[in-house]
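Asker: Sequence first, then the predicted structure, then my questions.
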Amino acid sequence: MTNAFRTLSICIITLIAFVYGLNILLTKQVNDLVHFNNNTQLQSQPKVNTQLESAPWYNMVFRGQQLINKDELQYVVVKSTPTSFITISASSLFWSTLLLPINISIFLLLGLAISWLINIKRQTENDTHTLTELNNQLSNLLKSLHLARNNDTSQPIVSQLKTHIHTLSSHITTYTHESQVSICQDKLTLLIDRHAYIEHLTRQLSLAEIDKLNCALLFIDLDGFKQVNDSFGHSFGDEVLIQVAARLTSVVRHHKLNNVSATNGLEQNLARLGGDEFSIFISQLDHKDKALEIAQNVLQEIERDFVLGNKLIKISASIGIAVYPDSAATPHALLQMADVAMYRAKTDGRGIFKVYSPEMGNKMRRYHYLLEEMRLAIACENFHLSFQPIVHVENCTIDYFEALTRWDHPVEGAIAPAEFIPIAEESNLILELGDWILLESCRQMSAWYNAGMKKVKISVNISGIQLKHRAVYDWVMNILAKTGLPASALMLEITESTLITASKHIIQQLEKLRASGVTIAIDDFGTGFSSLSTLADLPIDVIKLDRLFIAQANSNPKYNEILHSISELGHKLGLKIVAEGVEEFAQFELVKSMGIRSVQGYLVSHPESSVNVGHKVLQDNINFMAATGTGVWNIQR
């Protein structure tokens, strides 16, 4: 309404101004006719009976002129003589004035002005429409984002639009910040992740190279975290990780290692690398023992009890330390060297820290070399089995054979099981290798069983990794069915440490195997931390005494007493006792005197190939085997 009134006012004022201008020009025209009377359009009107009139108030064009109305025509008096009035037709005077060049110019300018005004108005309307549409779209966008909108229709569109743009701009700023944080942040612990950490290390090491600074990196891996997950569930495990992150944050703050990013506000010198692995970066070593002090502080913080609901959980950590530039000069290499040192800390006892040295790198390279070679060996079936007899002390009849895996590398030669079996277990290659071992052992024993050794068992070592990842009962029974070996001819050897930490489900699976006829033996007994009372609860038939007791029994009275006690306890519980590591005849006589009836060791025999076993037992003792279902393995004194 205001715009329309303004436009109408402008038009009226413009029209009045134009009329007044036209009146001035018309008056000038009349005056020119008075002095320059050469216009043929002039007419003489007698004064007699002629009445002069003035232009009415509304006729502003002829205002100030004297008019004569005659024969329904109107004339303008140009000048007066004694007898007549010199006049000109009002219409012709009007048009001649109107069509003056100056008026034509004014008309053109006026036309251009009106056209310009119309265009401006149209553009204004289009702009208003566009602003309205844009404001509506912004309003809908804010609604979809659940943001506050300006719904006050009394305000101009521009004000509403400005408010909406400000709201959206604030949201975009906040969202951009949150996105930066989300990209760099570990969602569980709220620390930066591995990718952001490596980018930070790259920048820091570049500065350290310029300033000739020494830096250090701590690679922290939790000990016993997997047991927390297995025992209490992943929710408890997640809570442990959150609390560990908080404790490491306090360590970083206490030692003034903070380096907060200006972009996302996150601490950059502390990261969760993944799983239960964390890392702390020390950008400047003020003194040589600074990294060791921080590592010791980390160990103390993590070893404090974790309170989860009504439970107290204790874990520890193994820490590897790598120093720049001594250990490595790039972020990835520095992390890798710290990882190598951390692995060494785990193998040396856990709950400690180690500083990287080149010797550790050699060991790690050896580890990865054997790992790759083992994969090829499994694929090409380059492993073979040897068999070591366990005999009865009274007549040297064979109780069972223990199947032992051997690896003859084409370049390295014979690689000891003590070196490759731990690698196989850590990499889970033991699953594939263990399938082959059990299958080949049962297949060989099935052949001996069919040849007459029906009272002899084959013993196969089973690792904790296999127990956790295999459905043990179905796995064993399927292989027995495939090879045709009776369950009574198979013994499974499981280490003491594995059995005492086995889950209830695994124990139930072993009980089912025992019920089916499979014998269960506890291997390396005496090296773990279980109490003797657990023997009554474990599903075992055979106790294999660790070779340490046999080696020390003759020279150390305490070991002698322990050996004697275990033998008596085994007999009372109805368990067979086997002495491992018998290498001297004096040891043989000692265990025999204690009532231990089965022995194993180099005194009896080194591990033999299946061919040698067949020659010594099947051919040399065929009559005895036919009568007893077993063979004799004579001891060479």
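Answerer: Perfect, thanks for sending it.
Asker: Would you tell me what the next helix or strand after the lowest-mean-pLDDT helix or strand in the chain is?
Answerer: Sorting the helices and strands of the chain by mean pLDDT, DSSP states H and E puts helix 157-184 at the bottom, at a mean of 72. For helix 157-184, the succeeding helix or strand toward the C-terminus, using DSSP states H and E, is helix 194-211.
Asker: contact partners of that next one?
Answerer: The set of residues external to helix 194-211 that reach it, using C-beta atoms under 8 Å, 6 or more residues apart in numbering, is 183-185, 192, 213-215, 217, 259, 261, 266, 268-269, 271-274, 279, 281, 283-284, 324-325, 329-332, 334-335. C-betas here are computed from N, CA, C, even on glycine.
Asker: Let's see that with 10 Å instead.
Answerer: When contacts are defined by C-beta atoms under 10 Å, 6 or more residues apart in numbering, helix 194-211 is touched by residues 180, 183-186, 191-192, 213-215, 217, 259, 261, 264, 266-274, 277-279, 281-284, 324-325, 328-332, 334-335.
Asker: Run through the helices of the stretch 1-150 of the chain in chain order.
Answerer: Counting by DSSP state H, counting those that start in this stretch, the stretch 1-150 of the chain has these helices, from start to end: 2-35, 90-98, 101-144.
Asker: if we can go back for a sec, can you select the buried ones among the contacts of helix 194-211 for me in ChimeraX?
Answerer: Buried residues within the contacts of helix 194-211, by 16 or more other C-beta atoms under 10 Å, are selected in ChimeraX with:
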select :180,184,185,186,191,192,214,215,217,264,266,267,268,269,270,271,272,273,277,278,279,281,282,283,324,328,331,334,335
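Asker: Looking at the contacts of helix 194-211, which are in helices?
Answerer: Assigned to helices by DSSP state H, the following of the contacts of helix 194-211 qualify: Gln180, Ile183, Cys184, Pro331, His332, Leu334, Leu335.
Asker: Verify the contact between the last one and Phe278 for me.
Answerer: Same thing as Leu335. No - using C-beta atoms under 10 Å, Leu335 makes no contact with Phe278, being 11.8 Å away.
Asker: Need the residues touching each of these two.
Answerer: Shared between the contact lists of Leu335 and Phe278 (criterion: C-beta under 10 Å, 6+ apart) are residues Tyr197, Phe219.
Asker: Comparing the helices of the stretch 1-150 of the chain, which comes out most buried?
Answerer: Between the helices of the stretch 1-150 of the chain, helix 90-98 has the highest mean count of neighbours, a mean of 16, where neighbours are mean count of other C-beta atoms under 10 Å.
Asker: How far does it sit from its chain's centre?
Answerer: Here helix 90-98 is found 92 Å from its chain centre; the criterion is C-alpha atoms, centre = their mean, to the nearest Å.
Asker: Next, work out how far apart Thr128 and Trp436 are.
Answerer: Taking C-beta to C-beta, to the nearest Å as the measure, Thr128 falls 82 Å from Trp436.
Asker: From what I see, Ala345 and Ile352 are in contact.
Answerer: Yes - under the criterion of C-beta under 10 Å, Ala345 is in contact with Ile352, at a separation of 5.1 Å.
Asker: Identify the contacts common to these two.
Answerer: Shared contacts of Ala345 and Ile352 (C-beta under 10 Å, 6+ apart): Asp223, Ala295, Ala317, Ser318, Ile319.
Asker: Show the buried residues in these.
Answerer: Neighbour counting over those (16+ other C-beta under 10 Å) leaves Asp223, Ala295, Ala317, Ser318, Ile319 as the buried ones.
Asker: Report the secondary structure element holding the last one.
Answerer: So the one you mean is Ile319. Per DSSP H and E: strand 316-324 holds Ile319.
Asker: can you give me phi and psi for Leu52?
Answerer: In this entry, Leu52 is assigned phi and psi values of phi -90, psi 140 (degrees, to the nearest 10).
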